[in-house]
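Peer 1: Below are the sequence and a predicted model for it; my questions follow.
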Amino acid sequence: MHQLTIAEIIRGLRDKQFSSVEITSHLLERIQQLDSQFNSFITVTGDQAIRAAAAADARLAQGDAPALCGVPIAHKDIFTTNGVRTSCGSKMLDNFIPPYDATVVDNFQQAGAVSLGKTNMDEFAMGSSNESSYYGPVKNPWDPERIPGGSSGGSAAAVAAQLVPGTTATDTGGSIRQPAAMTGTTGLKPTYGRVSRWGMIAFASSLDQGGPIARTAEDAALMLSVMAGPDKKDSTCLDRPAEDFTARLNDSIQGLKIGVPSEYFGEGLDSEVGARVQEALKEYEKLGAELVEINLPHSKLAVPAYYVIAPAEASANLSRFDGVRYGYRCENPADLRDLYMRSRGEGFGEEVKRRILVGSYALSAGYYDAYYNKAQQVRRLIKQDFVDAFQSVDVIMGPTAPNPAFKLGEKNADPVAMYLEDIYTIATNLAGLPGMSIPCGFAHGLPVGLQLIGNYLDEARMLNVAHQFQQASDWHQQTAPAAE
Amino acid sequence: MAVDAQTVEKLAELARIAISEETIDEVSSRLGDVLQLVDQLQAVNTDGVEPMAHPLDEVQVLRKDEVTEPNRRDEFLALAPQTEAGLYLVPKVID
Amino acid sequence: MEWEVVIGLEVHVQLATQSKIFSGASTAFGAEPNTQACAIDLAMPGTLPVPNEEAFRYAVMFGLAMNAEIGKRSVFERKNYFYPDLPKGYQTTQLEQPIVGAGQIEIHLEDGSSKTVRLHHAHLEEDAGKSLHEDFHGMSGIDLNRAGTPLIEIVSEPDMRSAAEAVAYLKKIHSIVTYLGISDGDMSQGSLRCDANVSVRLKGEEKLGTRAEIKNLNSFRFIEKAIKVEAQRQIDLIEDGGKVVQETRLYDADKNETRSMRSKEVANDYRYFPCPDLLPVVLTDDYVEQIRGELPELPDAKCARFEKEYGLSAYDADQLTQERATADYFEQVAAKSGEPKLAANWVMGELAALLNREEKSIAQSPVSAENLAGLIARIKDNTISSKIAKQVFEAMANGDGDADTVIEAKGLKQVSDTGAIEKMVDDVIAASASQVENYRNADPDKRPKMMGFFVGQIMKASKGQANPQMINKILKEKLDSLL
């Protein structure tokens, strides 16, 4: 049962091949047996899940079941869940039990899904390896001595280990796509504003987006259909009606123009990874697509711009964590200043502190123009590159990450080396474009991800393009050895 | 470009994050690494380019003026480390 | 050395919206602590702001009343600093692109002169919560009910040159916001707060002196005193060879002096940047014009109209139009009595004194506009004299009914019957033989004054009810006939 996709589960439940309680219990057992190897869950809500599954079964029996009724999922621990601890991977929120649900969580509840718990993540979503979590690193089911990618490492690993068929995740610089690539799963970051950020603990507000990680493009489409939609509580959420993202999955991709940026195949790219991606592109040609070489001339500036903008926004977003109204408070503060300094000094991990300091610097008097303002100008140039490219192509493709999963601890010495993990994904967040990663082979025995970048609001087509690849290949169906 | 210890201390103060003496140098050097990365931005000419604060050029939708939030004080106070008489307590604030 | 004081004011006005600027929590005054602080106001993780349309409407109304540019595209920024009454660790405010740009208003001073004071800009922002310093065993208590209440911060150019000008400007702002109905302008409740930037320079000097910012000014009186005392402090300091330090000072009303606030540790670097959770607010021309069309008559226009329509002096018109409620009351009285000048005198005189004594607002006036108009009508038609009218007014204020009822009950009708007055005059002349003799023997130009004695006697005899004009006429006739 744990090998079923969401689409298959929906059919199975409908055809009464099994019940929601059965599959939910099965997965909960798997989590209990296997997750100590991966550490992909921070909180497992077993009792709640069984209750929800039972309720789902009742609705299924009555025949008034909503779209994902009875389907088990899990939420990245960045989405607030009413009555259930939401830690954001941090000691700062280890004791935080929100009395409200994120819109994404509420949407899944309305859709009848059954949440198994909250998945592990890099602290406050800052990281590309899920090594910074207060709850310990997540291990890649393909090789538990390696990282699963980050910041949504727990969400990706849980799906790769077949502990749950789909999870919610967030992506600010690549945090859905890069872990999806590292774990051989399918991850999607929508157009900025597609998915409400209400209840999605903010890292970098103008870059953050919630999205699904699952085993197939079809599943991602099913999940996105639930996640996306207008929400008046989020000023940055687009006022576009809910969409069925599965509607165009089976469209033909004959004549599809695929842009291949020369900048994404240069220095820094592992040759095996590059080879897998080229092979995938050839597959697309076989499916009737046309490859077009394009240029995204400002690509090299994406990482520098991001590492000004994201920390700057984060430095303000994280100021609310002060030990006053919720969250961690230091013992016996001597005075107000001490309360702040030690609550934050003790509550935050090293990477978070580092980024807050960088962000404060970029915004500080005398530096705003050279850093923050400059980065926002560069951001517009990067967006323009894509707008220009999309004049002549329908979708852009390249590698998701420059290398497959690396070993735990390998990149901790040098934060910049870690930052370069996101070299191909970051630009899409800066531009606000939708992006996906789908498995396209192995390099040195580890999964490789193919990145797709779609035009604004063109998720349906992007999913279609991904789906067609998955109809003609079976990389996405490979099972991690540790998941057997 | 390097960041000296004094700057780190000033930033730590602005951000209200305690940084221990022992780690200041390390933090200093790491910050320097990151700033070296971002200094690459200076290489490009951005004259006349409008800074982009939002990826899409949307404008704000305003909300109707009505009271929609009920009183949930007890639920919220329950989350706090220290409260009394309906107030959040902090070490005495001196103006 | 002749010194000049230069003053700029920053006024914070709480807008009277139902809900907060970025959340749907109530802004009602006086609620139990933290019962009006929702998840957004508490800066709970994952919460997001959504701006209140009414706050923008009010800001535009204000901008139009100030003859200012309206920022059709305005942006919110984050002003970053730590304080327990600021839950997010930043205040959402406006900086580069505020909702209201440059503007100006006219202020009228007591000596009848007027002056233009320019507005630098006005912007929307959120209010912070409150710290209660009563001891909770060495701790402070934080109430976040006020956090998120919409404020408009009004920043003037440093155009004022005296404490009186500053007060006149502030009163003008107060009257505009209350006229527009966008704020109750209650300084005692904190709906209107003023900080004054004060500096001095030698007369004729173009460069501005170093300024000090004075906070904690919560009444017109305090503002006037504080500015005077601060200006003098600076002058004395410089004359003694010292230098004014740019700093924030608090006004101590008891000692009538300003003192330096405990120096704020590291000078705050607010690291302003556009708030990424909010999009630019774009207002259409139609929206602004519609608001312009719905504006009530503003103080300046009303003041000008009062001068013209009612023939009032500029100063009187200004006094009557400072509060909309007063202006409305006055107009009712003027209309019903047909005597605007009398109406003006009574409203600014007896009525104002009564309201002051009883600490009531005009809305709570014990004497209704109708009743005051009725009283004035009786003065006009000579039923009573002005002097007697004061008695009637007091009785009306006591709840004894309208003017006619009181006049009847107390038998205060003025005696205007010629025959009766003639008799009174004759009686007094008969009883005052020596004074009559003095009058006959006096210098002709001294005589008018001497008439006062007789008038007084007649008034006494008639218990003040004899018509004074008639007395004068008949008395003069009779006295002259004795010459």
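Peer 2: In hand now; what should we look at? Numbers count the residues shown, from 1 in each chain, chains lettered A, B, ... in the order given.
Peer 1: what does stretch C:313-333 rub up against?
Peer 2: Contact partners of stretch C:313-333, identified using C-beta atoms under 8 Å, 6 or more residues apart in numbering or on different chains, comprise C:108, C:110, C:112, C:114, C:171, C:174-175, C:178-179, C:296, C:299, C:302-304, C:306-307, C:310, C:312, C:343-344, C:346-348, C:361-363, C:365, C:369-370, C:372-373, C:376. C-beta here means a position set from N, CA and C on the backbone, and glycine is covered the same way.
Peer 1: Flag every buried residue along it.
Peer 2: Across stretch C:313-333, burial judged by 16 or more other C-beta atoms under 10 Å in any protein chain shown covers C:315-324, C:326-327, C:329-333.
Peer 1: Stretch C:155-173 too?
Peer 2: For stretch C:155-173, burial by neighbour count (16+ other C-beta under 10 Å) applies to C:155-156, C:158-160, C:162-173.
Peer 1: center of the chain, which residue is that?
Peer 2: Going with chain A. By C-alpha atoms, centre = their mean, the mean C-alpha position of chain A lies nearest to residue A:176, the distance being 2.3 Å.
Peer 1: My question was about chain C, not that one.
Peer 2: Note: chain C centre (C-alpha atoms, centre = their mean) maps to residue C:171, 4.5 Å.
Peer 1: ok, it to chain A distance?
Peer 2: From residue C:171 across to chain A, the span is 37 Å (C-beta to the nearest C-beta, to the nearest Å).
Peer 1: which residues touch stretch C:132-145?
Peer 2: Contacts of stretch C:132-145 (C-beta under 8 Å, 6+ apart): A:324, B:82, B:84-93, C:31, C:33-37, C:41-42, C:84-85, C:87, C:129-131.
Peer 1: Now go through the residues you listed and say which are in strands.
Peer 2: With DSSP state E as the criterion, strands contain B:84, B:87, B:88, B:89, B:90, B:91, C:130, C:131 from among the contacts of stretch C:132-145.
Peer 1: Would you check which pair of these lies furthest apart?
Peer 2: The largest separation in these, counting by C-beta to C-beta, is between B:91 and C:130 at 16.7 Å.
Peer 1: which residues does whichever residue of chain A sits closest to chain B contact?
Peer 2: As assessed by C-beta to the nearest C-beta, chain B sits closest to residue A:432 within chain A, at 2.4 Å. With contacts defined as C-beta under 8 Å, 6+ apart, residue A:432 is in contact with A:191, A:192, A:193, A:383, A:456, B:54, B:55, B:56.
Peer 1: ok, 7 Å please
Peer 2: Residues near residue A:432 by C-beta atoms under 7 Å, 6 or more residues apart in numbering or on different chains: A:191, A:192, B:55, B:56.
Peer 1: before we move on, what about residue C:24?
Peer 2: Counted by C-beta under 7 Å, 6+ apart, residue C:24 has contacts B:66, B:67, B:68, B:69.
Peer 1: Throw together a ChimeraX command that grabs the buried residues out of those.
Peer 2: ChimeraX command restricting the contacts of residue C:24 to the buried ones, with burial defined by 16+ other C-beta under 10 Å:
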select /B:67,69
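Peer 1: Quick one: the contacts of residue C:24 as JSON lines, columns for secondary structure too.
Peer 2: Shown next, in JSON lines, are these (DSSP: H, G, I helix; E, B strand; the rest coil):
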{"residue": "B:66", "secondary structure": "coil"}
{"residue": "B:67", "secondary structure": "coil"}
{"residue": "B:68", "secondary structure": "coil"}
{"residue": "B:69", "secondary structure": "coil"}
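Peer 1: what number of residues lie near residue C:118?
Peer 2: Counted with other C-beta atoms under 10 Å in any protein chain shown, the neighbours of residue C:118 add up to 16.
Peer 1: and it, backbone torsions?
Peer 2: Here is the backbone geometry of residue C:118 (degrees, to the nearest 10): phi -90, psi 150.
Peer 1: try the one 10 residues further on
Peer 2: Residue C:128 adopts backbone torsions of phi -100, psi 180, taken as degrees, to the nearest 10.
Peer 1: So it sits against residue C:82, correct?
Peer 2: No. Checked against C-beta atoms under 7 Å, the pair residue C:128 and residue C:82 is beyond contact range at 11.7 Å.
Peer 1: Mind checking what secondary structure residue A:306 has?
Peer 2: Quick answer, by three-state DSSP: residue A:306 is helix.
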